[in-house]
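Asker: Sharing a model that was predicted from the sequence below.
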Amino acid sequence: MKCPNCGAQIPINSLYCETCGEDIHIVPNIDFNDLDIQDTMDGILEHITDEANTIRIDEQEAKKQSLRKDKKRKRMLLRAGILAFVLLLVLGATGILKWKQYHSVSYQLSKAEDCVKRQDYQQAINYYNRVLELDYTNIQAKFDLAEVYFQVNNKVEYEYLMRDIVTDENATTEQLITAYGKLIGIYRGKDEYQTIHKILSFCKNETVLNTYSEYVALPPRFSLGDGYYTKVEPLTISGQSNGKIYYTLDGNEPDIYSIEYTAPIILEEGEYEIKARYINQNGIKSDVAVAKYHVEIEYLPAPVFNVLNGQYEHPVNIEIMGDSTDVYYTVDGSRPSVESLKYEGPIPMPLGVSHFRFIQVKGNKVSEITDLEISLEMNGGLSTVEAEVKAMEYAMSIQRVTAPDGSVEGSPARYSYSFCYPISVEEQGDFYVLEEKLFQNDYAPVSTGNLFAVNIYSGIIYGLQIDEYHNYSLIDLFEEEEDAEEGAER
């Protein structure tokens, strides 16, 4: 093949002209005039074969190198996969353990207890809160958490947990008693007794209420239900012991300045709205109880009293409750009438057995008879005769009389001291009441107006005054004598 540039002969398979350096095309220009066709075809075939062999060798070498790289890469991937698998196993085991611990009540509790021992209270709070997230019914955990809050002086959370426990339906009676006790301690320290009453008012556990009864004030109970009545009715109001009941009849809220309930309320004809409240010894107020009544009397009711039939050891004044006008009575068991004794006020209870009969008469209406059978036996102490002697001795000591028979030297006058009835004076005791009477000539004795009270058990004598409301006042006679002597000396 000749160079197309300079015409020099170029060897077969040469890619450039050695004479002029001209590049030779891949497919050489064949001069069919210089070479025969067979030689030309053989050269082309040889050239193509050599090129194909070269390419095939290169491809095989590249393929071998690729296979070696693939094997190396696979080994590396296998090692990496094994390492990753082992790492995943380790991480998985650790994660499972931590997951189990995070969801384990016993583990969280043990960690909380360890923190409390180390006084790491904040971390203990975190653990206890996690326990309650897992099991909010764990009441002991609530108690333990509350104690931790107490240690860090977080009284708000402490109180919240105690309140939560007392409202927990799963709490045992013992746990309720403990929780209520801690709450009571909080409010008692601040004199917030009404708050104590409020939280106990929601408690349904009788054991708890009995345990802390001194802080409970239940609403009073009325003996009559609301409604319409056709006769005079005695209404009783009952409440707990160790407290007082106050009530109103005008619709106002009762308080300590209202009427104190001490005896049945007599519902006569008319409309009533009665509000009552119980206040215990700690000043804890109950809710207000309300009752409404309409009374329309169809006939005259029998008198009602503050005492009942039966035996008594201490004297009580017999008093009509409600309307006491136009009431008549007898003391011997006979039928009363308008000709009998008229009730003018409280009647001192006689000694021994008595049978009172009472009736009320108004216009053409006559009530039924009320019978009152009582027995007063005062055991021990002085007799009525000994009390009369005590009064006479006192009269002689002040020279009112000069002899035990009540006579006065140089005068026809004579005094007597007669037993009338027994009385009970609040915070003072039981006494015999004696009346002083004056005898002059042959006239009937006249009361001097002087009354004396002799203590049945000590024998001490006092002067006695009775006001229009039948309240009793004792007068120290010996103190008056000392004052009189001091005045005389002056």
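Answerer: In hand now; what should we look at?
Asker: What sits closest to residue 17 if chain neighbours are left out?
Answerer: Among residues not flanking residue 17 along the chain, residue 3 sits closest, at 3.8 Å (Cβ to Cβ, 6 or more residues apart in numbering). Backbone N, C-alpha and C define where each C-beta goes, glycine included.
Asker: what about that neighbour, neighbour count?
Answerer: 20 (other Cβ atoms under 10 Å).
Asker: Can you check what pLDDT the model gives it?
Answerer: We have a pLDDT of 77 for residue 3.
Asker: residues contacting it?
Answerer: 9, 10, 17, 19, 20, 22, 24 (Cβ atoms under 8 Å, 6 or more residues apart in numbering).
Asker: any idea how far the residue nearest the centre of the chain is from residue 211?
Answerer: The C-alpha lying nearest the average C-alpha coordinate of the chain belongs to residue 200 (Cα atoms, centre = their mean; 1.6 Å). Distance of residue 200 to residue 211, given as Cβ to Cβ, to the nearest Å: 10 Å.
Asker: shared neighbours of these two, which are they?
Answerer: Here residue 200 and residue 211 share the contacting residues residue 180, scored by Cβ under 8 Å, 6+ apart.
Asker: re earlier: for the residue nearest to the centre of the chain, give its distance to residue 286.
Answerer: The value you get for residue 200 to residue 286, if Cβ to Cβ is used, is 11 Å.
Asker: Equivalent analysis for residue 160, please.
Answerer: On the measure of Cβ to Cβ, residue 160 and residue 286 end up 27 Å apart.
Asker: Okay, now the unreliable bits of the stretch 351-490 of the chain?
Answerer: Low-confidence segments of the stretch 351-490 of the chain (pLDDT under 70): 480-490.
Asker: For it, which segments count as helices?
Answerer: 384-397, 477-489 (DSSP state H, counting those that start in this stretch).
Asker: which residues touch the first one?
Answerer: What it means is helix 384-397. Contacts for helix 384-397 (Cβ under 8 Å, 6+ apart): 351, 382, 401-404, 406, 415, 417-419, 432, 434, 436, 452, 454, 456, 459, 461, 477.
Asker: you'd agree residue 334 is up against residue 357?
Answerer: Yes. Contact criterion Cβ atoms under 8 Å: residue 334 and residue 357 qualify, at 7.1 Å.
Asker: Give me the common contacts of these two.
Answerer: With Cβ under 8 Å, 6+ apart applied, the contact sets of residue 334 and residue 357 do not overlap.
Asker: Compare neighbour counts for those two and give me the winner.
Answerer: Taking other Cβ under 10 Å, residue 334 and residue 357 do not tie; residue 357 has more neighbours (20 against 10).
Asker: Does that one touch residue 369 like I think?
Answerer: Yes. Applying Cβ under 8 Å, one finds residue 357 in contact with residue 369, separated by 5.4 Å.
Asker: Need the overlap of contacts for these two.
Answerer: 335, 336.
Asker: Counting by contacts, list what the top strand by length along the chain packs against.
Answerer: Once the chain is assigned using DSSP state E, the strand that runs over the most residues is strand 411-425. In terms of contacts (3 or more Cβ pairs under 8 Å, 6 or more residues apart in numbering; DSSP states H and E), strand 411-425 is packed against helix 384-397, strand 407-408, strand 429-439, strand 446-455, strand 472-475.
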